[in-house]
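Visitor: Next input, structure requested:
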Amino acid sequence: MKAAVIEEKNSLHLREVEKPVLQDGEALIKVRYCGICGSDIHVLRGEHATAKFPVIPGHEFVGELVDIKGSGSQRYEIGDYVVAQPFFSCGNCEPCAKGEDNVCADLRFMGAHTDGGFAQYVKVATRKMYRIPKDMDLKLAALTEPVAVAVHDVRKSGLQVGETALIIGGGPIGMLIAMVARHAGARQVVISEISAYRRKVAEDLGFITVDPTDSCFDQSIAALTEGKGFDVCFEVSGTKPGIATAVEEARITGTIVVVGMTREPHPVDLAAVFAKELTIKGVRIHAQYSFIGAIELLKEGSLNEEFEAMISRVFPLEEVEEAFAFAQVPGDYFKVLIEM
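Guide: Alright, predicted model coming up:
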């Protein structure tokens, strides 16, 4: 089969490789679309601490079931369109037993520790695979994994109907969190984003936006919240100014959800955390229950027009090297897909 292979740091090429070999409890998917995620770029640049080369990147995929082996096979038919939670968890450790498979003690993530979806075929754990409707737009279905991240983050935040949310960082994940938070009942969702292009897209979708580089940023936030701050701040930028903003703009007894990964420690104003009795939560990938929630949200369809706005470019597999080069340069786009 053809696959994009990261052979070493900063070296990704389209190669001919062997198809995956199935073990009991695994399924083979003929990939239709796979999205480029920021973590794929981190793997390519050698910035993922535990990734192993060579590896086929990609974890945001959708495709057609072509083979299945052993346990769980009776629930599917060859030809089903399917998506799969893109990591392998042991199922036996305490986190897994509590339904927190995303922090499994032996987590192996597709596209970093095992081969992923930028290939004509990919193998997945059958117990993490789900059928989707035949009439679902497969480009939208390729967003299941990032939508699951947003569902997980909003659920973990404890956001209540009628509360307010600040999204710090309006990239693909930040935008999806904003969409899900509004859908979950937030009465006000504000997106803080440097890029004028991303702010414009957010505004077209009905969100309030602010520019964190604007000299009037603090005054703008105060005016929006009557000086009270936000019930929940989602820090998605992974930056030092981002976490400082989250602490400053969270209301008394508010919650900060740390979504963006950082490459180095960032200082936190613990005096403000103490004085306002803030809650700080870390979130990692998504639990399997949130992946199911994302599928149901896509099937229900009420946010699909908003989700569609996240798909900026589609490249064929033969141009995967060009697609990765494109995705590494900041520009006016959100999500890049590869069509197999």
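Visitor: what secondary structure does the residue sitting nearest the centre point of the chain sit in?
Guide: When the chain is reduced to its mean C-alpha position, the closest residue under Cα atoms, centre = their mean turns out to be Pro146, at 3.0 Å. Classification of Pro146 into helix, strand or coil gives helix, according to DSSP: H, G, I helix; E, B strand; the rest coil.
Visitor: give me every residue that touches it.
Guide: Taking Cβ atoms under 8 Å, 6 or more residues apart in numbering as the definition of contact, the neighbours of Pro146 are 35, 37, 60, 172-173, 176, 335. In short, each C-beta sits where N, CA and C put it, glycine included.
Visitor: Now do it against Pro265, distance only.
Guide: Between Pro146 and Pro265 the computed distance is 26 Å (Cβ to Cβ, to the nearest Å).
Visitor: before we move on, what about Val283?
Guide: 18 Å.
Visitor: Neighbour count for the two, which is higher?
Guide: Higher neighbour count among Val283 and Pro265: Val283, with 20 against 7, using other Cβ atoms under 10 Å.
Visitor: surely that one meets Val259?
Guide: Yes. With contact defined as Cβ atoms under 8 Å, Val283 and Val259 form a contacting pair (5.7 Å).
Visitor: Now the common contact residues for the two.
Guide: In the contact map built from Cβ under 8 Å, 6+ apart, the residues linked to both Val283 and Val259 are Asp153.
Visitor: Can you name the residues that contact the residue sitting furthest away from the middle of the chain?
Guide: Counting by Cα atoms, centre = their mean, the extreme residue of the chain relative to its mean C-alpha position is Ala275, 32.4 Å from that point. Taking Cβ under 8 Å, 6+ apart as the criterion, Ala275 is in contact with no other residue.
Visitor: Now do the phi/psi pair for Gly63.
Guide: When read as degrees, to the nearest 10, the backbone of Gly63 gives phi -170, psi -160.
Visitor: mind checking the backbone torsions on Val82?
Guide: Note on Val82: backbone dihedrals following degrees, to the nearest 10 are phi -140, psi 160.
Visitor: ditto for Leu143
Guide: In terms of degrees, to the nearest 10, the main-chain angles of Leu143 are phi -90, psi 0.
Visitor: Let me know the pLDDT of it.
Guide: pLDDT recorded at Leu143 is 98.
Visitor: In this structure it contacts Lys335, no?
Guide: Yes. Counting by Cβ under 8 Å, Leu143 touches Lys335, with 7.1 Å between them.
Visitor: Now the common contact residues for the two.
Guide: Contact criterion Cβ under 8 Å, 6+ apart; residues shared by Leu143 and Lys335: 35, 310-311.
Visitor: between the residues you listed, which has the most around it?
Guide: Within the shared contacts of Leu143 and Lys335, neighbour counts (other Cβ under 10 Å) peak at Gly35, which reaches 27 neighbours.
Visitor: three-state assignment of that one?
Guide: Secondary structure assignment for Gly35 (three-state DSSP): strand.
Visitor: List the contacts of the closest residue to it other than its chain neighbours.
Guide: With Cβ to Cβ, 6 or more residues apart in numbering as the criterion, Gly35 has its nearest non-adjacent residue at 3.6 Å, and that residue is Glu60. Contacts for Glu60 (Cβ under 8 Å, 6+ apart) come out as 34-37, 86, 117, 142-146.
Visitor: and if you look at Asp332?
Guide: When contacts are counted by Cβ under 8 Å, 6+ apart, Asp332 is found next to 195, 197.
Visitor: Need the three-state assignment for it.
Guide: At Asp332, secondary structure determined by three-state DSSP is coil.
Visitor: The nearest residue to Phe87 once chain neighbours are set aside and Glu77: what is the separation?
Guide: For Phe87, ignoring the flanking residues on the chain, the nearest one in space by Cβ to Cβ, 6+ apart is Phe109 at 4.6 Å. Between Phe109 and Glu77 the computed distance is 28 Å (Cβ to Cβ).
Visitor: Tyr289 is in contact with Asp101, isn't it?
Guide: No. The pair Tyr289 / Asp101 is not scored as a contact, 9.1 Å apart, by Cβ under 8 Å.
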